[in-house]
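Novice: pasting the sequence and the predicted model now:
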Amino acid sequence: METAPAIPRWNVDRPFLTGRFHSEIKVPSQPSGAKPYPVETFCRGSENVIGSYPVSVQELLVIDDLLYALMGVEGRYISIKRVRGKEGRVVFQIDPSMDLALQELTQRIFPLCENYLLISQFVEAKSQFKSGLVNHAFAAALRALLLDYQAMVAQLEHQFRIGRLSVQGLWFYCQPMMGSLHALGIVVEKVSSDNLFGSATLNLLQSQAKAMAGDNAVRSLLEKMTQCASSAYLCILERWVYEGVIDDPYGEFFIAENKALQKESLTQDYDAKYWQQRYSLKDGIPSFLTSVSGTILTTGKYLNVMRECGHNVQVPVSENSKLMTFGSNHQYFECIKTAYDFASCELLNLMKDKYDLIGKLRAMKRYLLLDQGDFLVHFMDIARDELAKRPDEISVEKLQSLLDLALRTTAAAADPCHEELACCVERTSLLKRLSILKDLDSPYPSNLGKTVGDGDDLTEPVSITGLETFSLSYKVQWPLSLVISRKALTKYQLIFRFLFHCKHVNRQLCMAWQVHQGFRCLNTLGTAISRSSLLCRSMLKFIISLLHYLTFEVLEPNWHLMHDRLRNVKSIDEVIQFHDFFLQKCLKECLLLWPQLLKKLEKLKAICLRYASSIQLLIPSVYNSEPDDAAVASSRMSKSRLRRSRINSPTLKSAAENSTISDSIMNFEKEFNAELHSLVPLLSNNSQTEPYLTRLAQCILGVGTDQ
């Protein structure tokens, strides 16, 4: 809220310029029948009290004083006093010596005089800058009404001057204004005492108009005052829904702007609240806008996004769609709906056409969800040595250059989106990273125990390498960062890390399987090599089944479901909603939100990796090479190499009968089967509540029966 200009001090200090020149009294409590005020106080300008004159003369004198009192000015026999402790409230006092009948009629007119003074002072006070635009407009409407009131007093004075006005006639002519000024007096007193402004003033006027449903004239007047007071508010609303600009110098609008939140936070902060809190609803929404407040907020937000993109657009406005008035026909609802539809459609088309939203989402699927895996195979080959290092020893620049090389030498080179890819290396394992992100919605049943954030047993591995912590990042520009925010990108990365490590385990098991191919020329039935071959095949089927489930049972169907939904969206909020739902569903069905199941899978993968490494080290003599070169040789074995290995059959046979190999294989087999069988009940028991676990359980059970 901007600072309101100050009112000159002389405008307050000189009461005769502002109408606040009445002396102040404290109304005393008098015994019944006693004269409340001395008679002498009502004889200003006259030597005699009014009771000393005949009744006919008293009537002329009191009419003359009443005409002054109607304008808030004291007369000779009527005085005006401000009540101490009640701002703006005055009392009119009359000479008690007056005829009782005249006193009764005169006192009936005093409430009109009091309400006139109350409203006059309200107009003066609320015309100051700090009172806000709504109170300014309300005061201006009251000032116009007071002009009609003053014209009525002038006409009564003319009737008095020509001898055609009596006290009874004065009372009769004042009747139309009595009810109107009384109702307005209640409103202005409430506004002044509670210091209301903005929408609070509008709500008070509207509720008061509804309360006066029995008096059609007063109700119409209050409705007119509400229309006048709301005109300034509707101007603010009109600029917001047609231009996306908050022109609210006194903080009266029900939409607040938090300028501290910048759009750059969407790509930097995981918990960025830009879209939710940059513009938000405040308390005190006008009652006639409550039902469409959310639509109004969203309309301006859409227009703001386009302005931030340099795409200046304004809702086309006709004379019939201006929001200058509101009424029972609710035409302004249609105007707001039209503005919302235009802004929503314009922003959605801008995101889809100019910024290629669908194309960017496809790129996220292609690279971070490994939909196009040829570049990954090449990258894992050339970056193997670097990824085998500890995370703090890895050169991210070197990985980036290797990734660029892999992208340029594969089919990804034809995709311009690959230039936005970047390497990143985390410092913690996947389990640890999941435990840090506490805001992920976890669907854990009670029988699965601990959550991601709990779990003393979800400990960090003693030694992790880049293979466990490597991830890809994607550079997202505004306004696409509204959809692919830092939070959404983090979820993509969690899925990528899980898939990447599964791919690594699969490659290592394939290399171990190739080692076993050197024994095909021998009859190894009943030996450790035969047992190892069966175990290797079971491990391969396990990891391949897991990858098949992740890609073809989870990612692909969920992606196509989201893609189909995005074809029919009508707003960017729906895009964000469907995209977030897709990511959350993928995280859940990929078991990243099931800590106990995920821990089991991580243990199984760790066993597979240890087994693959052991096989390549325990049988180095198969190819007559050094231990470190055995894996490379086996993975690239040609037919001539295989032929040479068959010649060395005694060496192969001795390797097959080696007791060290036999004991190691038995230990791996026992450990792998134990972990695998412990996983099966967890999947089966929860498959009724989570149907996707049934598909994974079928894959795992298939592996178990094969053993």
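Specialist: Thanks, I have the structure now.

Novice: residue 568 versus the closest residue in space to residue 287 that isn't next to it in sequence, what's the distance?
Specialist: Among residues not flanking residue 287 along the chain, residue 203 sits closest, at 5.2 Å (Cβ to Cβ, 6 or more residues apart in numbering). Where C-beta positions appear, they are placed from N, C-alpha and C, glycine not excepted. From residue 203 over to residue 568 the distance is 39 Å, taken as Cβ to Cβ, to the nearest Å.

Novice: do residue 577 as well
Specialist: Residue 577 is 13 Å from residue 568, where distance means Cβ to Cβ.

Novice: what about those two, which has more around it?
Specialist: residue 577 (13 against 8; other Cβ atoms under 10 Å).

Novice: three-state assignment of that one?
Specialist: helix (DSSP: H, G, I helix; E, B strand; the rest coil).

Novice: roughly how far is the helix or strand encompassing residue 511 from the heart of the chain?
Specialist: Using DSSP states H and E, the element containing residue 511 is helix 486-516. In terms of Cα atoms, centre = their mean, to the nearest Å, the centre of helix 486-516 is found 35 Å from the chain centre.

Novice: now do stretch 668-688
Specialist: The chain centroid and the centroid of stretch 668-688 are separated by 42 Å under Cα atoms, centre = their mean.

Novice: got it, and stretch 420-429?
Specialist: The chain centre lies 28 Å from the centre of stretch 420-429; the measure is Cα atoms, centre = their mean.

Novice: what's the first-to-last distance across it?
Specialist: 25 Å (Cα to Cα, to the nearest Å).

Novice: for the nearest residue to residue 548 once chain neighbours are set aside, give me its contacts.
Specialist: The spatially closest residue to residue 548, leaving aside those adjacent along the chain, is residue 699, at 6.9 Å (Cβ to Cβ, 6+ apart). Taking Cβ atoms under 8 Å, 6 or more residues apart in numbering, we find residue 699 in contact with 545-546, 548-549.

Novice: apply 7 Å and report the result again.
Specialist: 545, 548-549 (Cβ atoms under 7 Å, 6 or more residues apart in numbering).

Novice: quick one: which of those has the most company?
Specialist: In terms of neighbour count, residue 549 stands highest of these at 21 neighbours, by other Cβ under 10 Å.

Novice: would you say it is within a strand?
Specialist: No: assignment of residue 549 by three-state DSSP gives helix, placing it outside any strand.

Novice: in JSON lines: the contacts of residue 699, plus pLDDT and distance to residue 114.
Specialist: Shown next, in JSON lines, are these (pLDDT from 0 to 100; distance: Cβ to Cβ, whole Å):
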{"residue": "545", "pLDDT": "90", "distance to residue 114": "88"}
{"residue": "548", "pLDDT": "91", "distance to residue 114": "86"}
{"residue": "549", "pLDDT": "90", "distance to residue 114": "82"}
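
Novice: quick check, nearest of these to residue 408?
Specialist: residue 548 (29.7 Å; Cβ to Cβ).

Novice: what about the nearest residue to residue 481 once chain neighbours are set aside, distance to residue 199?
Specialist: Leaving out its chain neighbours, the residue that sits closest to residue 481 by Cβ to Cβ, 6+ apart is residue 266, at 4.0 Å. The spacing between residue 266 and residue 199, counted by Cβ to Cβ, is 31 Å.

Novice: so which of these two has more stuff around it?
Specialist: Neighbour totals were compared for residue 266 and residue 199, and residue 266 leads with 25 against 22 (other Cβ under 10 Å).

Novice: show me the shaky parts of this protein.
Specialist: Scanning the chain for pLDDT under 70 picks out 1-4, 7, 10-47, 84-88, 314, 317-330, 438-462, 518-528, 618-660, 701-707.

Novice: pick out the residue closest to the middle of it.
Specialist: The residue lying closest to the centre of the chain (Cα atoms, centre = their mean) is residue 276, at 2.0 Å.

Novice: helix or strand: which one has that residue?
Specialist: According to DSSP H and E, residue 276 maps onto helix 274-277.

Novice: can you get me a residue count around residue 334?
Specialist: For residue 334, using other Cβ under 10 Å, the count is 12.

Novice: summarise which helices and strands the strand or helix carrying it is packed against.
Specialist: Applying DSSP H and E as the criterion places residue 334 in helix 331-349. Applying 3 or more Cβ pairs under 7 Å, 6 or more residues apart in numbering; DSSP states H and E, we find helix 331-349 packed against helix 216-243, helix 293-308.
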